[in-house]
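# Task: produce atomic coordinates for the following.
(one chain, ligands or ions: 1)
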Amino acid sequence: MSTQFHDEPEDDNSSFWNKDPGPVQYSVLSRSRPWMVPVLVSTIVLVLIIAFGFSNSGLSSRISLMEETVLNLSLSLTDAQKDNKDAAKDVQRLRFSVESNKDLLGSVAESVKQLAALEVLTKTVASLKCAIEQIVHNRTVASGCCPLGWDSFGTSCFFFSKQASTWHDARDWCHAHQSQLLILRLDKDWEYVDIHAAGTFYWVGLSDESGKWEWVNGTPYTMDRRRWRPGQPDNWSGHGLGAQTEDCAHLHSEGRLNDLHCSSRLRFICGTHSAQS
Ligand SMILES: [Ca+2]
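Modelled structure (predicted):
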C-alpha cells in the first residue's frame, strides 16, 4: 500500500519561503567586513564635496575678482577725494593771492596809464621842439624831427590825415608840407603803415595817369602782386565818376593796394625822409 505521503526530506532550496538571498548576503558582508559601509558612505560624501568644490571654483574666482575691483575703486575714490581737497586748497590760496595783490595790480595799472600819458607827452615835447627848430631854421624840418601831429618811425615821419580829399589834392597837400604822398619801398615801412592804417582807406603816392605805374616823385614802379588785392589793379571803368578809368592807388582796409578813380575822396598818408628816398 502506497502512502499519500513520502517522507523524503524536502529540498529546502526549492522552497519559495527559503529563497531570500539578500538578507543572507548582507548579513554575510556585515558579518565579514563591518567597516565597509561607513567607508563607502564617507567616500561618496567626499566625492560629492570635491565635485561641488570644482563646480564652484569659477564662481569663487569671479567673486575674488569683483572684490579686487571694488577695492581698487575704493582706493581710486579715496585718491580723487584727496585730489579734490588739494584743488580746493589751491583755489583758496589763489583767491587769497589775488585779494592780496589786488591793490598792487591797481597800482601797476595806474603806472601803465601814467607811462602811456608820459609817452604822449614826450612825443608832444619832441614835436614842439621840432616845431621851434623848424621856425628857427626858416620852416625847414630839422633832421630826426617830425612836425607836430606827425608820427615818427625810424628816420621817417608819417602823417595820417583825418580829412578825406581827392588823390590830387592829397598829393598837393603833402607837397605843401615838405613831404610827399606816401611812397612805400621798404618792407619795414609797409609793416609800419599796415599797422597804423588798418581798417581805413588811404591814398598813397602811386598812379598810372601817365600810362604806366609810377610814384609821385617820378620813380618807376615795379609791379609787386603780393601788395595788391586779388584781381587788382583792374582799371575799372564802371564807376560812373567820369571818362577816366581807375588811375590812382590807395591802401585798402586790409593793407593791400587797389586802383580807384582819382576823384574819389579818401584819407591820405604823407611821408618824409627815408620813406620817400
Ligand atoms: Ca580797382
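
# Okay, buried residues for stretch 84-103 please.
By 16 or more other CB atoms under 10 Å, stretch 84-103 has no buried positions at all. Every C-beta, even on glycine, is put in place using the N, C-alpha and C of the backbone.

# what about that stretch, distance to the chain center?
On the basis of CA atoms, centre = their mean, to the nearest Å, stretch 84-103 is displaced by 26 Å from the centre of the chain it belongs to.

# what are the C-alpha coordinates of that stretch, in CSV please?
Written as CSV, here are the backbone C-alpha positions of stretch 84-103 (Å, rounded to 0.1, in the frame of the first residue of the first chain):
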residue,chain,number,x,y,z
ASN,A,84,39.6,117.5,-4.7
LYS,A,85,40.7,118.6,-1.3
ASP,A,86,44.1,119.7,-2.7
ALA,A,87,42.5,121.5,-5.6
ALA,A,88,40.1,123.3,-3.2
LYS,A,89,43.1,124.4,-1.1
ASP,A,90,44.9,125.6,-4.3
VAL,A,91,41.9,127.7,-5.3
GLN,A,92,41.7,129.1,-1.8
ARG,A,93,45.4,130.1,-1.9
LEU,A,94,44.9,131.6,-5.4
ARG,A,95,41.9,133.6,-4.2
PHE,A,96,43.9,134.8,-1.2
SER,A,97,46.8,135.7,-3.5
VAL,A,98,44.6,137.7,-5.9
GLU,A,99,43.0,139.5,-3.0
SER,A,100,46.4,140.3,-1.6
ASN,A,101,47.7,141.6,-4.9
LYS,A,102,44.6,143.5,-6.0
ASP,A,103,46.0,146.8,-4.6
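
# What's the mean pLDDT across it?
Per-residue pLDDT over stretch 84-103 has a mean of 86.

# Quick one: the helices in the chain, in order.
21-32, 36-55, 57-136, 167-176, 187-197 (DSSP state H).

# and among those, the most buried is which?
Burial of the helices of the chain is given as mean neighbour count (mean count of other CB atoms under 10 Å); helix 167-176 ranks first at a mean of 18.

# what's the offset of that one from the middle of its chain?
The answer for helix 167-176 is 47 Å, by CA atoms, centre = their mean.

# Can I get it as PDB, trimmed to CA atoms?
In PDB, the C-alpha atoms belonging to helix 167-176 read as follows (Å, rounded to 0.1, in the frame of the first residue of the first chain):
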ATOM      1  CA  TRP A 167      44.200 162.000 -54.800                       C
ATOM      2  CA  HIS A 168      45.400 165.200 -56.500                       C
ATOM      3  CA  ASP A 169      44.500 167.400 -53.500                       C
ATOM      4  CA  ALA A 170      46.200 164.900 -51.200                       C
ATOM      5  CA  ARG A 171      49.300 165.000 -53.300                       C
ATOM      6  CA  ASP A 172      49.400 168.800 -53.300                       C
ATOM      7  CA  TRP A 173      48.800 169.000 -49.500                       C
ATOM      8  CA  CYS A 174      51.700 166.700 -48.800                       C
ATOM      9  CA  HIS A 175      54.000 168.600 -51.100                       C
ATOM     10  CA  ALA A 176      53.000 171.900 -49.400                       C
END
